[in-house]
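Asks: A predicted structure for the sequence below; I have some questions about it.
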Amino acid sequence: MTVTQEKPARLIGGPGLLLVWFYGVMVVGAVSRSAYQIATEFDRAPLSYALSAVAGVVYGFITYSLVRGGETARRAAQFCCAAELAGVLVVGTWTLIEPSAFPDSTVWSQYGMGYVFIPVLLPLSALYWLRRSRAAATR
């Protein structure tokens, strides 16, 4: 008797594929930028560069979870998107209230203004998509 393992339901159908693409671009942007800045000028703005590196890791995990699929991955992506949104809101507000704390910008500075506000729009879109994909899977 052969045991077949059912493949997890993919989360990247339709608009989910666009989310994966945007998160992939953000991974490359945040990780490459922070890696360069940490390697060459970390002492100038350590908090900014460390936060950009954290953002890149979060983007990478969300991308992986969306591609992996399945209920566990969906929940993990949902949790990370909520944490990402909280980070964008906290850092975005902090950079507006006390700009001197950030001698250089982060991915999340001013709610992602340097990235055309994608950092604040992406988790909102992803949370909506993940909620919708769960509702569609339960029908």
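Replies: On my side now, so go ahead.
Asks: now the most centrally placed residue in the chain: which helix or strand?
Replies: For the chain, the residue nearest the mean C-alpha position is Tyr59 (3.2 Å; Cα atoms, centre = their mean). Here Tyr59 sits within helix 46-68, counting by DSSP states H and E.
Asks: and that helix, what's buried?
Replies: Buried residues in helix 46-68, defined by neighbour count with 16 or more other Cβ atoms under 10 Å: 48-49, 51-56, 58-68. Any C-beta I mention is one placed from the backbone N, CA and C, and that applies to glycine too.
Asks: and the angle for the helix or strand just after that helix with helix 46-68?
Replies: The helix or strand immediately downstream of helix 46-68 is helix 71-97, counting by DSSP H and E. If you take axes from the mean of the first three to the mean of the last three Cα atoms, to 10 degrees, helix 71-97 sits at 150 degrees to helix 46-68.
Asks: list the buried residues in helix 71-97.
Replies: Here helix 71-97 shows 73-74, 76-78, 80-81, 84-85, 87-88, 91-92, 94-95 as buried, counting by 16+ other Cβ under 10 Å.
Asks: and for stretch 102-112?
Replies: Buried residues in stretch 102-112 (16+ other Cβ under 10 Å): Phe102, Ser105, Thr106, Val107, Trp108, Ser109, Gln110, Tyr111, Gly112.
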